[in-house]
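**Student:** structure of the sequence below:
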Amino acid sequence: MLQVNVRSTFNTEAHREEGVSQRRELIIRTEFKEGMVFTEKNYNELSGQIIDACIEVHKELGPGLMESVYEVCLISVLKKKNLKVQQQVSLPVVFKGEKLKKDFIIDILVEDKIILELKSLEAILPVHEAQVVTYLKLSDKKLGLLINFNVPLLVQGIKRKINGNLNTV
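**Tutor:** Predicted structure coming up:
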């Protein structure tokens with residue numbers, strides 16, 4: 001665990017609130033290192049940071065925009081949290097051992113561990129959940145988040161999908 005202590009003096013109430021917010025962000029955070037073995041605790045912590053970032057974007061933009069707008073804003077917030085982020089990641093389609101000239105596209109991959117599939121829809125359908133499960137299986141990833149930004153409260157638009165056991169390699 002990486003612990004950071006923040007000490008500041010505040011001139012105004014606004015600075016004090018900003019400092020408290022920054023302190024919450026910095027107090028205790030696991031440092032995700034390439035090649036480290038991820039446990040369920042690590043997945044939960046990382047997915048918590050991702051969900052916090054999604055809520056931040058949703059609070060700022062609200063519902064009703066195109067998926068691509070939420071994607072670029074979310075990537076910006078995740079990078080500011082010093083997370084490794086890849087967008088529009090190609091996942092090859094292999095049929096009967098043959099790689100075809102077609103790829104699935106993962107919206108966002110965080111820390112090479114968690115798949116994010118973003119939506120801005122009136123409702124999430126079972127096919128959208130199946131899409132995330134398929135991406136998890138084909139990429140051999142353990143955790144995926146399906147996030148629909150077109151909801152009044154973002155927590156209503158988050159679906160978590162697990163491929164196997166989060167504590168196995």
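**Student:** can you list the domain ranges for this protein.
**Tutor:** Partitioning the chain according to automatic domain parsing yields domains covering residues 1-31, 39-162.
**Student:** just to be sure, Asn167 is in a strand?
**Tutor:** No: assignment of Asn167 by DSSP: H, G, I helix; E, B strand; the rest coil gives coil, placing it outside any strand.
**Student:** please name the nearest non-neighbouring residue to it.
**Tutor:** The shortest distance from Asn167 to any residue that is not its chain neighbour, by Cβ to Cβ, 6 or more residues apart in numbering, is 5.1 Å, and that residue is Glu40. Where you see a C-beta, it was placed from the backbone N, CA and C, and this is true even at glycine.
**Student:** ranges for the helices of the chain?
**Tutor:** Using DSSP state H, the helices of the chain run over 13-26, 40-61, 67-80, 126-139.
**Student:** nearest to Lys102, of the ones you listed?
**Tutor:** Taking Cβ to Cβ as the measure, the helices of the chain were each checked against Lys102, and helix 126-139 came out nearest at 12.2 Å.
**Student:** could you give the mean pLDDT of the closest one?
**Tutor:** The average of the pLDDT scores along helix 126-139 is 94.
**Student:** would you turn the helices of the chain into JSON lines with mean neighbour count?
**Tutor:** Formatted as JSON lines, the entries for the helices of the chain read as follows, by neighbours: other Cβ atoms under 10 Å:
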{"stretch": "helix 13-26", "mean neighbour count": "12"}
{"stretch": "helix 40-61", "mean neighbour count": "17"}
{"stretch": "helix 67-80", "mean neighbour count": "17"}
{"stretch": "helix 126-139", "mean neighbour count": "15"}
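**Student:** under the pLDDT cut-off, which ranges of this protein? List them.
**Tutor:** 1-35, 169 (pLDDT under 70).
**Student:** how about the residue minimising distance to the centre of the chain, what does it touch?
**Tutor:** With distances taken as Cα atoms, centre = their mean, the residue of the chain nearest its centroid is Ile50 (3.9 Å). The neighbours of Ile50, taking Cβ atoms under 8 Å, 6 or more residues apart in numbering as the test, are 78, 83, 110, 114, 116, 145.
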